[in-house]
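Enquirer: coordinates for the following, if possible.
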Amino acid sequence: MSKGTPISPSLMASKPSPAKAADAVDTVDSASAVLGPNRVVEPTEMTGSEAIVRSLEELGVDDVFGLPGGAILPTYDPLMASKINHVLVRHEQGAGHAAQGYAMVTGRVGVCIATSGPGATNLVTAIADAHMDSVPLVAITGQVSSSVIGSDAFQEADIVGITMPITKHSFLVTKAEDIPRTLAEAFHLASTGRPGPVLVDITKDAQQAKTMFSWPPKVDLPGYRPVTRGHSKQVREAAKLIAASSKPVLYVGGGVIKAHASKELLALAEATGAPVVTTLTARGAFPDSHPQHVGMPGMHGGVAAVTALQQADLLITLGARFDDRVTGVLSSFAPNAKVIHADIDPAEISKNRSADVPIVGSVKEIVPELTEAVRASETKPDLEAWWSFLRKLRQDYPLGWTEPEDGLLAPQHVIKRIGELTGPEGVYVAGVGQHQMWAAQFIKYERPGAWLNSAGLGTMGYSVPAAMGAKVGNPDRVVWAIDGDGCFQMTNQELATCALNNIPIKVAVINNSSLGMVRQWQTLFYDGRYSNTDLHTGHETVRIPDFVKLGEAYGCASFRVERPEEVDAVIEKALEINDRPVVIDFVVSPNAMVWPMVPSGVSNDLIQVARNSTPDWEEED
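Expert: So this is what the prediction gives:
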């Protein structure tokens with residue numbers, strides 16, 4: 001196959017852009033947005049499956065994660081001759097989460113491949129996860145031949161219909177000539193506007209048929225014109241609200257990281273002098289060490305961060321969606337605050353909380369304009385009383401823990417030491433549950449891309465494959481999968497993938513021998529009736545499975561830590577091992593709980609710092 005030549009700008013498929021007025025709104029032109037090195041490939045005859053591989057090459061794809069099967073098998077043959085690195089996973093869900101982790105650390109579109117039927121349906125959880133957390137992902141699935149679609153053929157499933165509610169779009173390709181254009185459109189959709197997953201389902205006969213391949217295709221998506229530049233009038237109105245406020249808060253969501261706007265956020269924060277809270281998906285968007293950072297809000301957020309939102313008179317909301325884990329009871333959330341809401345997705349603005357100043361567009365472009373407008377304002381609000389109040393909250397209610405009475409390890413200590421010994425340049429990938437919250441609380445995040453987790457969907461099993469994908473995407477960084485013993489048992493088969501493909505992730509199993517977060521809720525709200533939460537993996541149990549033996553069976557260096565004095569030495573040993581994956585079984589107390597906590601169904605004002613213990617604070621005058 002021809003390698004192609006660099007494309008001349010005059011040859012790119014594009015539509016002329018009319019001159020814009022000063023207050024015009026910029027949009028992404030979907031007709032001129034083919035990703036990749038933009039090489040010209042003259043018409044060349046090849047099969048549809050060869051066109052799939054060649055399209056991925058021309059789109060700039062270096063790594064894909066997948067598992068072959070009958071309906072996608074024609075594509076796996078030319079893949080052997082490609083320079084694309086294919087990582088053979090042990091379960092398709094692992095391919096999807098690995099593609100997510102890859103996308104999160106590289107900022108590029110993650111790619112996963114599966115066959116029809118159960119192969120495709122095994123991707124559904126990862127696709128839904130990417131949809132909830134706005135991760136750019138393209139899932140390519142094989143489909144039965146077009147002549148038998150609808151006949152309940154072997155391994156047939158309507159994956160387009162199944163995934164339509166959880167993708168930005170799902171394509172069914174039945175003709176070989178449509179493959180290049182469809183893949184180019186899929187990558188454009190996944191990576192522009194609000195990022196998200198796109199599914200491309202390609203029938204077996206389309207893969208086998210001959211076609212004339214050329215590049216670049218013309219991408220034309222009528223009606224898809226995501227707005228990137230915020231309206232200048234709205235930006236000016238937002239600056240006026242900031243100037244008039246006495247208790248503003250920058251409420252920062254994961255959209256800031258997706259837009260690569262952390263530097264712009266820092267400039268805005270310092271221009272306003274306002275406190276900054278970063279949600280679970282935004283950890284690292286603003287440095288934890290910065291004096292204006294007051295913590296993570298939400299159900300398990302810090303007292304200062306939660307209270308800052310509750311008592312604010314202005315929320316400067318950037319790339320956040322007012323989800324229930326942040327707001328608690330929505331009607332009681334930030335009751336006295338006006339709202340500036342900037343987001344790339346117009347559907348999110350005023351969906352849950354009405355915005356006084358809505359700004360549709362990319363925060364990458366909106367925030368610098370807002371910063372300039374704030375700097376140009378003649379009115380500078382006095383925030384000293386507000387900061388005095390918040391500083392006292394931070395001093396009186398810092399994050400911490402009590403040592404377990406059963407003599408077992410405190411999981412908070414383990415996770416904190418992983419972060420301290422690895423440092424801010426590491427990548428930390430959590431599963432879902434107590435260990436996820438402790439990892440968000442006790443590791444210091446100084447940069448975007450350091451923290452990956454399944455936030456919106458809350459997918460157990462996310463951590464190990466996502467860490468695998470993150471290590472493939474950023475091999476020079478230390479990558480930790482911080483997992484629970486429940487989550488770990490859902491996808492630990494990907495340790496085989498890591499061992500065989502030289503992907504040396506480090507796995508910290510926070511082993512409390514139970515489904516920890518479920519057990520915490522049973523302790524607090526079900527009178528300690530522990531129905532079906534004991535996993536028998538920890539201290540004084542049958543240890544089925546034994547995580548050390550399991551790790552060794554998968555070719556990993558494996559350790560068990562049961563005493564506090566062993567913690568640092570084993571973490572340091574793990575950091576020295578870079579020729580294979582590492583598994584550490586940290587045997588922790590099952591009685592440790594995540595605090596603070598806002599119980600479900602109550603106002604954030606009722607945040608608890610321990611069981612039946614609410615902060616003793618008075619509202620600022």
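Enquirer: how about Arg194, secondary structure?
Expert: Recorded secondary structure, Arg194: coil (DSSP: H, G, I helix; E, B strand; the rest coil).
Enquirer: cool, and Asp483?
Expert: Secondary structure state of Asp483, per three-state DSSP, is strand.
Enquirer: residue contacts, Leu318?
Expert: Applying Cβ atoms under 8 Å, 6 or more residues apart in numbering to Leu318 gives the contacts 250-253, 255-256, 261, 265, 342-343, 363, 366-367. Where C-beta positions appear, they are placed from N, C-alpha and C, glycine not excepted.
Enquirer: export those to TSV and append columns for neighbour count.
Expert: Listed next are those as TSV, based on neighbours: other Cβ atoms under 10 Å:
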residue	neighbour count
Leu250	29
Tyr251	31
Val252	30
Gly253	27
Gly255	28
Val256	28
Ala261	25
Leu265	26
Ala342	30
Asp343	27
Val363	29
Ile366	29
Val367	31
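Enquirer: so which of those sit within helices?
Expert: Among these, DSSP state H puts 255-256, 265, 363, 366-367 in helices.
Enquirer: ok, and the closest non-adjacent residue to Thr371?
Expert: Leu268 (4.5 Å; Cβ to Cβ, 6 or more residues apart in numbering).
Enquirer: what do you get for Ser600?
Expert: Using Cβ to Cβ, 6+ apart and skipping the chain neighbours, the partner closest in space to Ser600 is Met299 (7.6 Å).
Enquirer: if I pick that neighbour, what's in contact with it?
Expert: Taking Cβ under 8 Å, 6+ apart as the test, what Met299 contacts is 325-326, 328, 597-598, 600.
Enquirer: which SS class is it?
Expert: When classified by three-state DSSP, Met299 comes out as coil.
Enquirer: ramachandran angles for it?
Expert: When read as degrees, to the nearest 10, the backbone of Met299 gives phi -50, psi -40.
Enquirer: now do Leu35
Expert: Dihedral angles (degrees, to the nearest 10) for Leu35: phi -70, psi 170.
Enquirer: next, count neighbours for it.
Expert: If you count neighbours by other Cβ atoms under 10 Å, Leu35 ends up with 20.
Enquirer: ok, it to Leu330 distance?
Expert: As judged by Cβ to Cβ, to the nearest Å, Leu35 and Leu330 stand 38 Å apart.
Enquirer: so what pLDDT did Lys15 get?
Expert: Looking at Lys15, its pLDDT is 33.
Enquirer: now swap in Ser8 and tell me
Expert: 29.
Enquirer: and what of the one 4 residues further on?
Expert: On pLDDT, Met12 comes in at 29.
Enquirer: show me the helices in the stretch 151-300 of the chain, by range?
Expert: Taking DSSP state H, counting those that start in this stretch as the criterion, the stretch 151-300 of the chain contains helices spanning 159-163, 179-191, 204-208, 232-244, 255-258, 262-272.
Enquirer: with just CA atoms, put the shortest one into PDB.
Expert: Meaning helix 255-258. Taking C-alpha atoms only, helix 255-258 is exported to PDB below (Å, rounded to 0.1, in the frame of the first residue of the first chain):
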ATOM      1  CA  GLY A 255     -14.600  19.600  31.000                       C
ATOM      2  CA  VAL A 256     -11.600  21.700  31.800                       C
ATOM      3  CA  ILE A 257      -9.400  18.700  31.500                       C
ATOM      4  CA  LYS A 258     -11.100  17.500  28.300                       C
END
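Enquirer: run the chain-centre distance for it.
Expert: Centroid displacement of helix 255-258 relative to its chain, using Cα atoms, centre = their mean, to the nearest Å, is 10 Å.
Enquirer: can you check what angle separates the host helix or strand of Ala95 from helix 179-191?
Expert: Per DSSP states H and E: Ala95 is located in helix 92-106. Here helix 92-106 runs at an angle of 60 degrees relative to helix 179-191 (axes from the mean of the first three to the mean of the last three Cα atoms, to 10 degrees).
Enquirer: helix or strand right after helix 92-106?
Expert: As assigned by DSSP H and E, the chain's next helix or strand after helix 92-106 is strand 110-114.
Enquirer: just checking, what packs against whichever helix or strand comes after that following strand?
Expert: The element immediately downstream of strand 110-114 (helix or strand, assigned by DSSP H and E) is helix 118-121. Judged by 3 or more Cβ pairs under 8 Å, 6 or more residues apart in numbering; DSSP states H and E, helix 118-121 is in contact with strand 137-143, helix 159-163.
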